[in-house]
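[1] need coordinates for the following:
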Amino acid sequence: MSEISKFKELLLFEVQKAFYDERGKGARYRLTTAGVSFFKDRIKEGMDDVEAIKGYLTEHGLVGGLEYTEDAVSFSVRVNDCCLKEIRDYFSSANMQPLGCPIANVIMNALELKSGLSPELLPIDIEGDACSFTLAKMATSDVVER
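    Numbers count the residues shown, from 1 in each chain. Prediction:
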């Protein structure tokens, strides 16, 4: 990794940490679109298709792998070897949860485009070189009554 990349990653972490220090966990809800515009410019018509997003992410080396499962109320994702791992590790070193994740954000955007309802990012679990996160989907009353 180049010195410029290291500088950018540390800077991104420090900006997010400053935001967290100012707003607490509420900062997390202000970062849900971070990174989405990058993918909109590249994926275009596939922005509502998680498989298209997965294909773009893996093809361009942004992630080493991405697996997901879905049910009526949640969408769970496991990301391996993410290009943002160094930033995530800065959060871990500071004993903090990552505030947000552009990979999660682009998937949240896809789910919202499909359903018209915004999911919510639950805390991100860190497991070695992998991250796991769950998106809580908004449900209609017929799903809640089941």
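[2] for the helix or strand where Asn109 lies, buried residues please.
    Using DSSP states H and E, Asn109 falls within helix 102-115. Neighbour-count burial for helix 102-115, counted by 16 or more other Cβ atoms under 10 Å, picks out Pro102, Ile103, Ala104, Asn105, Val106, Ile107, Met108, Asn109, Ala110, Leu111, Glu112. The way it works is simple: take the backbone N, C-alpha and C, and place the C-beta from them, glycine included.
[3] once you drop chain neighbours, what's closest to the first one?
    With Cβ to Cβ, 6 or more residues apart in numbering as the measure, Gly35 is the residue that lies nearest to Pro102, at 2.7 Å, once sequence neighbours are left out.
[4] contacts only, for Ser132.
    Counting by Cβ atoms under 8 Å, 6 or more residues apart in numbering, Ser132 makes contact with Ser76, Val77, Arg78, Val79, Ile124, Asp125.
[5] next secondary structure after the helix holding Asn109?
    Following helix 102-115 in sequence order, the next helix or strand is strand 120-121 (DSSP H and E).
[6] who are the packing partners of the next helix or strand along the chain from that next one?
    Remark: after strand 120-121, the chain's next helix or strand is strand 125-127, criterion DSSP H and E. Counting contacts by 3 or more Cβ pairs under 8 Å, 6 or more residues apart in numbering; DSSP states H and E, strand 125-127 packs against strand 130-136.
[7] ok, the strand it packs on: who's next to it in the sheet?
    The pairing partners recorded for strand 130-136 under DSSP bridges are strand 74-80 (antiparallel), strand 120-121 (antiparallel), strand 125-127 (antiparallel).
[8] nearest the geometric middle of the protein, what residue?
    Ala104 (2.0 Å; Cα atoms, centre = their mean).
[9] sorry, back to before: tell me the most packed of the contacts of Ser132, by neighbour count.
    Using other Cβ atoms under 10 Å as the neighbour criterion, Val79 leads the contacts of Ser132 with 27 neighbours.
[10] partner residues bridging that residue?
    In this entry, Val79 is beta-bridged to Leu66, Cys131, by DSSP bridges.
[11] so it makes contact with Thr58?
    No: using Cβ atoms under 8 Å, Val79 makes no contact with Thr58, being 10.2 Å away.
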